[in-house]
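Engineer: just coords:
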Ligand code: OAD
């Protein structure tokens with residue numbers, strides 16, 4: 001038997017997932033690009049539509065790319081910021097926010113660099129990979145507030161200079177080869193250690209250290225529920241895999 005409107009998801013799996021997620025402690029939620037896909041924000045690794053199918057990460061998401069061609073990197077991130085500013089939280093984001101409004105402690109650990117969880121109404125959001133909406137100097141590290149991005153996609157755009165030193169303003173994003181922000185990682189690890197269940201939504205589970213969180217949760221004995229219409233690299237860490245999109249499955253897991 002399957003739940004009406006949820007395609008091929010067995011009702012028995014949904015019911016068991018609801019019970020495991022109900023728990024008696026805080027809920028940790030690890031999200032990836034698939035969480036925002038139904039808001040119109042592209043994922044990275046989906047065939048054809050994923051950003052890494054169309055762009056080379058080594059030319060856009062590494063410190064070397066920034067040193068080599070800042071104008072191209074800056075233009076690309078300003079375009080992504082423009083995309084995010086025109087998107088809205090989807091029913092998956094709304095379901096997590098509605099759950100937090102019931103009084104349940106919901107700790108979102110996200111790899112996403114958008115602000116859709118916050119705009120939906122979740123306050124405990126740990127951004128492991130930074131934010132498209134924040135900027136900082138590439139030399140002294142000072143935060144910088146800059147105006148809205150240009151509409152449309154430019155191939156080159158010169159980043160502003162730092163007000164305090166000779167540096168350039170860069171996106172406050174974690175690039176390949178860079179460490180995660182220690183404070184966010186520590187707060188996410190604490191949230192996971194206190195949780196009674198981990199819900200994992202829309203991640204390929206290929207980028208570490210974020211991808212290690214489900215196996216850390218499994219080793220500590222809490223259930224790991226995955227929501228993803230496709231396959232991921234999370235394997236044996238997952239207790240139940242619900243194969244469907246976040247925008248349908250999360251409202252079914254947490255009906256308001
Ligand atoms: P990926 O693009 O690697 O994976 C997205 C996952 O979302 C895939 O497993 C899809 O099957 C799934 N998916 C697609 N649509 C979905 C939907 N509607 N509901 C639920 N799931 C859906 O994205 P991430 O795992 O987030 O790093 O990628 C991890 C990191 O790699 C990103 O944070 C980014 C990237 O390089 C940085 O930018 C630093």
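Structural biologist: Right, received. Where do you want to start? Treat the numbers as computed from the prediction; the structure is a model and nothing was measured.

Engineer: tell me which stretches of the stretch 101-250 of the chain form strands.
Structural biologist: For the stretch 101-250 of the chain, applying DSSP state E, counting those that start in this stretch gives strands covering 106-110, 125-127, 130-137, 143-144, 169-173, 197-201, 224-227, 240-242.

Engineer: pLDDT of the fourth one, averaged?
Structural biologist: What it means is strand 143-144. Confidence over strand 143-144 (mean pLDDT, whole number) is 96.

Engineer: quick one on the thing from earlier: possible to save the strands of the stretch 101-250 of the chain as JSON lines with distance to the ligand and mean neighbour count?
Structural biologist: In this view, the C-beta of every residue, glycine as well, is placed from N, C-alpha and C. Putting those into JSON lines (distance: least, CB to the nearest ligand atom, whole Å; neighbours: other CB atoms under 10 Å) gives the following:
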{"stretch": "strand 106-110", "distance to the ligand": "8", "mean neighbour count": "26"}
{"stretch": "strand 125-127", "distance to the ligand": "10", "mean neighbour count": "23"}
{"stretch": "strand 130-137", "distance to the ligand": "7", "mean neighbour count": "19"}
{"stretch": "strand 143-144", "distance to the ligand": "19", "mean neighbour count": "14"}
{"stretch": "strand 169-173", "distance to the ligand": "6", "mean neighbour count": "21"}
{"stretch": "strand 197-201", "distance to the ligand": "6", "mean neighbour count": "26"}
{"stretch": "strand 224-227", "distance to the ligand": "6", "mean neighbour count": "25"}
{"stretch": "strand 240-242", "distance to the ligand": "9", "mean neighbour count": "20"}
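
Engineer: so where's the stretch 151-256 of the chain uncertain?
Structural biologist: For the stretch 151-256 of the chain, no stretch has pLDDT under 70.

Engineer: who in the protein is up against the ligand?
Structural biologist: Within the chain, the positions adjacent to the ligand are 32-34, 37-38, 43-46, 50, 61, 111, 129, 174, 201-204, 206-207, 227-230, 232, 245-246 by CB under 6 Å from any ligand atom.

Engineer: show me the contacts for residue 113.
Structural biologist: 80, 84, 127, 129-132, 173 (CB atoms under 8 Å, 6 or more residues apart in numbering).

Engineer: what do you get if the cut-off is 7 Å, keeping everything else the same?
Structural biologist: The contact partners of residue 113, taken as CB atoms under 7 Å, 6 or more residues apart in numbering, are 129-132, 173.

Engineer: what do you get for residue 36?
Structural biologist: Going by CB under 7 Å, 6+ apart, residue 36 touches 112, 114, 116.

Engineer: how close does it sit to residue 27?
Structural biologist: For residue 36, the distance to residue 27 equals 19 Å [CB to CB, to the nearest Å].

Engineer: any idea how far residue 197 is from residue 92?
Structural biologist: In this view, residue 197 and residue 92 are 17 Å apart by CB to CB.

Engineer: what segments of the protein are helices?
Structural biologist: Listed in chain order, the helices of the chain (DSSP state H) span 11-22, 34-37, 51-54, 57-60, 63-68, 70-85, 91-101, 116-120, 182-194, 213-219, 246-253.

Engineer: now the stretch 51-200 of the chain against the ligand: closest residue?
Structural biologist: Among the residues of the stretch 51-200 of the chain, residue 111 lies closest to the ligand, at 3.6 Å counting by CB to the nearest ligand atom.

Engineer: next one: that residue from residue 241, what distance?
Structural biologist: 19 Å.

Engineer: can you check residue 104 too?
Structural biologist: 23 Å.

Engineer: my read: residue 246 touches residue 227, true?
Structural biologist: Yes - taking CB atoms under 7 Å as the definition, residue 246 is a contact partner of residue 227 at 5.6 Å.

Engineer: now the common contact residues for these two.
Structural biologist: Counting by CB under 7 Å, 6+ apart, the residues touching both residue 246 and residue 227 are 201-202.
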